[in-house]
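Novice: When you get a sec, could you give me coordinates for this:
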Amino acid sequence: MSDCIFCKIINNEIPSTKIYEDEFVIGFKDLNPLAKEHYLFIHREHSKNINEISDSDPAQLSDVFKAISTFTKDSGLAETGFRVVTNQGANGGQTVFHTHFHVLGGEVLGGFGS
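Specialist: Next comes the predicted model:
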């Protein structure tokens, strides 16, 4: 989508600090980090949110979570722990309407209990 900021990152129209890239997925640093380490992972194919990607092509979810697994193991986050979050819709806190997953870590994260 031409007006989607994440599609522009995929197409190198907007710079980002990439930390992971393969044929399906890109991972990059969040510009407004909420943790010591805060990354975003997106599929190269545009979908609006978690429900849309789940309904239209659930294999894309596997692509993203395999990328997150590879990155967190290679970076050491898997050893210390991390959180994966996605938001859907305005009430869920979604501000960019391209399905994306936040990977947060590098410190003890509060909230959410067990």
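
Novice: where does this protein dip in pLDDT?
Specialist: Along the chain, the model assigns pLDDT under 70 to residues 1, 113-114.

Novice: could you show me where the strands are in it, in order?
Specialist: 18-21, 25-29, 37-43, 82-85, 100-105 (DSSP state E).

Novice: could you point out the longest helix in the chain?
Specialist: If you go by DSSP state H, the chain has its longest helix at helix 59-75.

Novice: Include distance to residue 64 when you put the strands of the chain into JSON lines, please.
Specialist: The way it works is simple: take the backbone N, C-alpha and C, and place the C-beta from them, glycine included. Output for these, formatted as JSON lines (distance: least, C-beta to C-beta, whole Å):
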{"stretch": "strand 18-21", "distance to residue 64": "10"}
{"stretch": "strand 25-29", "distance to residue 64": "5"}
{"stretch": "strand 37-43", "distance to residue 64": "5"}
{"stretch": "strand 82-85", "distance to residue 64": "9"}
{"stretch": "strand 100-105", "distance to residue 64": "6"}
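
Novice: Let me have those in a markdown table, extended by mean neighbour count and distance to residue 75.
Specialist: Shown next, in a markdown table, are those (neighbours: other C-beta atoms under 10 Å; distance: least, C-beta to C-beta, whole Å):
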| stretch | mean neighbour count | distance to residue 75 |
| --- | --- | --- |
| strand 18-21 | 15 | 8 |
| strand 25-29 | 20 | 10 |
| strand 37-43 | 22 | 8 |
| strand 82-85 | 16 | 9 |
| strand 100-105 | 21 | 9 |
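
Novice: Please report how far the residue nearest to residue 8 when sequence neighbours are not counted lies from residue 94.
Specialist: In space, and not counting its chain neighbours, residue 8 is closest to residue 14: 4.3 Å by C-beta to C-beta, 6 or more residues apart in numbering. Computed as C-beta to C-beta, to the nearest Å, the residue 14 to residue 94 distance reads 19 Å.

Novice: okay, now residue 7: neighbour count?
Specialist: 17 (other C-beta atoms under 10 Å).

Novice: repeat for residue 90
Specialist: Count around residue 90 with other C-beta under 10 Å applied: 9.

Novice: Same check on residue 17?
Specialist: 10.

Novice: Kind regards, and thank you for your time.
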